[in-house]
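Undergrad: Just need the structure, nothing else, for what follows:
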Amino acid sequence: MTTVLFVHGTGVREPHLTGLFGRITEGLAAVAPGVHTAAYPWGDLYGATLAAGGASIPSGPGTGTGRSAEGPSEPGDEADGWARLYDDPRCELALAAAGATARLTPPGAAFPDERPGALLADLAVRGEEQAERLGPGLARAAADLARSPLLAPAAEALDAEALAWVLARSLAATVIAAAVDTDEPLQVTGDTRDAAVGALAVRLGAAPAGTGRGPVLGLLGKPFVRLGSRYAVRRRRALTDAAHPAAGDILMYLARGERARQGLRDLVAATDPPVVLLGHSLGGIIALDTLISGPLPGVELLVTVGSQGPFLYETGALPTLAHPDPLPAHVPDWLNLYDRRDLLGYAAEPLFPGRAHDIATDSRQPFPVAHSAYWTDPAVYRAIGQRLP
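TA: The predicted structure follows:
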């Protein structure tokens, strides 16, 4: 029986590894029933930690709120619009509210935000099916949005159909952005996101086959404001605490990667063949480096997903192989997958023709969500399943 040994990427620790590994196991079972899976938890064993509790992080000045303006959205790739929504999930709602004109509500008539507010409150209680698609946090997001002061003026400015789609996108962006901020490795693809948004819009008053969806951020007509570097300096400790597992893992591996490679060798030696190494991001680098450094009997396929191994090789930073040296003959077949929007995924085939095979995927998510969305993309599992020994 083939064993797929998953080597996770940067920043992944328990309990996130268990959830991510469960999703991968489920996805592989759908294309290769009976395949055995195992995980290599190198992050918990050899990953980076702030050993002195962050003593190296200077204190910021604590003053100033530098801001920089950004121009209005340009037409084109909808992923750009979603990137804005992930940054500020209520930006569409705020833009609609800014364009509202005050008007009196006749005595006895419902206020414009009364029905959408009630629908949001109901979703906060009974939104389990959409929560399952997007991940945890939908109920709280709906409850918070129902209390937003932006709801009333936005309801004045938009018809019910358009408002339902704006609210649905805001909820989806809130849930997905929260998962990214908490380093949750399970992300949805654009198709899953859009299906959930459509279902949410219907729950919030849109017609089942409505045409009022409109372009993402189609309301955008004013400059976007984002926080500048002085804000980041003031929050340097919080930002470092959030980012150091990922950045630190890379630095730790490049400086002292032999421990992680030896741990993988030991795990492969204890696993019945045939073995497939499935590495995501830095996990793909670890798997590739380990194979280059010496034969791993029983490993018949290397699969890298969203990995920087080819880039490190081309720049001379791959620990075990310098450009233009070829792959050693003992390295098995190599399947390399990268999402076209993932800025951390690189092509291997141009560097290793005849030894590596590239497949480009498209989760329809902007970066950085695209870097984690592979594991909810059926095309990824189909590509892997077709190559399993």
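
Undergrad: which stretch of helix or strand covers R261?
TA: Taking DSSP states H and E as the criterion, R261 maps to helix 258-269.

Undergrad: Excluding its own residues, what touches that helix? List them.
TA: With C-beta atoms under 8 Å, 6 or more residues apart in numbering as the contact definition, helix 258-269 has outside contacts at 5, 7, 38, 40, 42, 45-46, 253, 275, 277, 286-287, 289-290, 293-294, 296-299. (C-beta placed from N, C-alpha, C; glycine too.)

Undergrad: what do you get for stretch 348-362?
TA: Contact with stretch 348-362 is made by 304, 309-310, 313-314, 323, 326-327, 331, 333-341, 347, 374, 377, 379-380, 383, as judged by C-beta under 8 Å, 6+ apart.

Undergrad: Among those residues, name the buried ones.
TA: Neighbour-count burial (16 or more other C-beta atoms under 10 Å) applied to the contacts of stretch 348-362 gives 304, 309-310, 313, 327, 331, 334-339, 341, 374, 377, 379-380, 383.

Undergrad: if you skip the residues just before and after it, what's nearest to V188?
TA: T376 (5.2 Å; C-beta to C-beta, 6 or more residues apart in numbering).

Undergrad: Tell me the spacing between that neighbour and I24.
TA: 10 Å (C-beta to C-beta, to the nearest Å).

Undergrad: Have a look at the two and say which one is more surrounded.
TA: I24 (25 against 21; other C-beta atoms under 10 Å).

Undergrad: Quick check, the more buried one in contact with T37.
TA: Yes. With contact defined as C-beta atoms under 8 Å, I24 reaches T37; the gap is 6.9 Å.

Undergrad: okay, and the common contacts of those two?
TA: Common neighbours of I24 and T37 (criterion: C-beta under 8 Å, 6+ apart): F6.

Undergrad: in the stretch 251-389 of the chain, which spans are strands?
TA: 275-280, 299-305, 333-339, 356-361 (DSSP state E, counting those that start in this stretch).

Undergrad: which residues sit against the first one?
TA: By that I understand strand 275-280. For strand 275-280, contacts defined as C-beta under 8 Å, 6+ apart pick out 2-9, 24, 264, 268, 285-288, 290-291, 296, 298-307, 374-375, 384, 388-389.

Undergrad: Buried among the residues you listed? Need that as a selection in ChimeraX.
TA: A single ChimeraX command selects the buried members of those (16+ other C-beta under 10 Å):
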select :2,3,4,5,6,7,8,9,24,264,268,285,286,287,288,290,291,296,299,300,301,302,303,304,305,306,307,374,375,384,388
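
Undergrad: out of the contacts of strand 275-280, which are inside helices?
TA: Applying DSSP state H to the contacts of strand 275-280, the entries found in helices are I24, L264, V268, I285, I286, A287, L288, T290, L291, I384.

Undergrad: any weak-confidence spans in the stretch 1-150 of the chain?
TA: Flagging of the stretch 1-150 of the chain using pLDDT under 70 yields the residue ranges 54, 57, 59-77, 99-111, 127-132.
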